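> Kindly generate the corresponding structure for this input.
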Amino acid sequence: MKIQSPNHQITKSIKSPISLVLHSGGLDSTIACKILQAQGIQIIALYFITPFFGYKLGGQEKILSERALFDHGIEFKRIDISDVYLEMIKNPEHGYGKHMNPCIDCRILMVRKAINMLREFNASFVATGEVLGQRPMSQRRDALRIIERDSGAEGQLLRPLSALHLPPTDMENKGLVDRSKLLGLTGRGRKDQIALAGKYGIKDYPAPAGGCVLADPILSLRFRYMFELCPELDVNDCLLMRMGRHFILPDGSWLVIGRDQRENRKIVSMIREGDIKLDLTAGYGPTGLLRKTRSGFNADLAAGILCRYARVRRRLEEVRLSVPGTENIKTIKTFPVSDETINKSRI
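Numbers count the residues shown, from 1 in each chain. Predicted coordinates:
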């Protein structure tokens, strides 16, 4: 009979620590996972989604695939935080960045959510792929400190890529994480990350682009205008704002017109109770959606704007207005409106 040594029995009984890693779908957060894995730490990647990032709208989000993460031994959890995010974005405590991006409050919200999930996953700490000095608003040294403090994560938040430039965390002080095996990256350069991608066999990773539409110079203006006009905007509204051409008519109606066949299909899929669908009876051209209409709304103007974007322009078009799920159908014969009219209503 083979007798196991006491030391062997103890080793078998110890479970690997678990870390929740905030994963953006990009290279930095994947490298953070691999650095911790190399120390025998089990990884659960939390991928938070809101109407402004994370939702898949026809390939607009380019992230490292779930399959790729699985192949690297990384468990992937997609978590929708849209409702709480919409409340935060209306009045972020730490303000906006260059556009409408509430980067510091966004990080605080996600880190706080992850800290509150530690017990659920029997995890010991939270980690991120943040690099000191990489982002001008949320990755300054003072901003990193604010995020840790205001999220309630003091001592429990590890940033493996820049850890050697930051104070030791509780996990390092307790020996759960070997600080000597963490990194000291800083700045906006990518040379070191690309080298580490080769070391860890990480392939087909996306180029760094942020991915948040609130930082987009054009879309952010639309979001800001619409939130001021309609503070009660919900997830469906925000997703709709990410596609098509948008108009606010003089009566307050909101008109969205698809720019191509893909957007036409997506707009149709987002129609809900109370919306009105517009299309050309001739069967070509864009699809439109009218939302937030009131009695006596200007249907002729909406139809004329739709005609303006028909692929084959004629002097007179017939536009069908229908309420999906009902028998309510109305047709209007009208002319395309002028560019001057377009410019008055477009947002």
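
> what mean pLDDT would you report for the top strand by length along the chain?
Longest strand of the chain, by residue count under DSSP state E: strand 42-49. On average, the pLDDT along strand 42-49 is 95.

> helices and strands around that strand, which ones?
strand 18-22, helix 27-37, strand 75-80, helix 103-116 (3 or more Cβ pairs under 8 Å, 6 or more residues apart in numbering; DSSP states H and E). Heads up, the C-betas are built off the backbone N, CA and C, glycines and all.

> Could you please name the strands that strand pairs with and the direction of each pair?
Each strand paired with strand 42-49, and its direction, by DSSP bridges: strand 18-22 (parallel), strand 75-80 (parallel).

> Now the terminal residues of stretch 244-260, how far apart.
8 Å (Cα to Cα, to the nearest Å).

> quick one: residue 73 and residue 30, what's the gap?
11 Å (Cβ to Cβ, to the nearest Å).

> neighbour count winner among these two?
Ranked by neighbour count (other Cβ atoms under 10 Å), residue 73 and residue 30 place residue 30 first, with 28 against 11.

> How much space separates the more buried one from residue 87?
For residue 30, the distance to residue 87 - Cβ to Cβ - is 30 Å.

> now residue 157
23 Å.

> quick one: which of the two has more around it?
Using other Cβ under 10 Å, the more surrounded residue of residue 157 and residue 87 is residue 157, with 25 against 10.

> tell me the contacts of that one?
Residues near residue 157 by Cβ atoms under 8 Å, 6 or more residues apart in numbering: 111, 115, 125, 126, 127, 128, 147, 148, 151, 169.

> doesn't the fourth one fall inside a strand?
Yes. Going by DSSP: H, G, I helix; E, B strand; the rest coil, the assignment for residue 126 places it inside a strand.

> What residue, apart from its backbone neighbours, is nearest it spatially?
residue 114 (4.5 Å; Cβ to Cβ, 6 or more residues apart in numbering).

> ok, now which ones touch the one you found?
Each residue near residue 114 by Cβ under 8 Å, 6+ apart is listed here: 20, 22, 46, 126, 153.

> Quick check: it vs residue 34, distance?
19 Å.

> try residue 139
From residue 139 to residue 34 the distance is 20 Å (Cβ to Cβ).

> So which of these two has more stuff around it?
Shown here are residue 139 and residue 34; by other Cβ under 10 Å, residue 139 has more neighbours (23 against 19).

> can you pull out the helices in the stretch 201-347 of the chain?
Using DSSP state H, counting those that start in this stretch, the helices of the stretch 201-347 of the chain run over 219-229, 235-240, 261-269, 299-308, 339-345.

> Brilliant, that's me finished.
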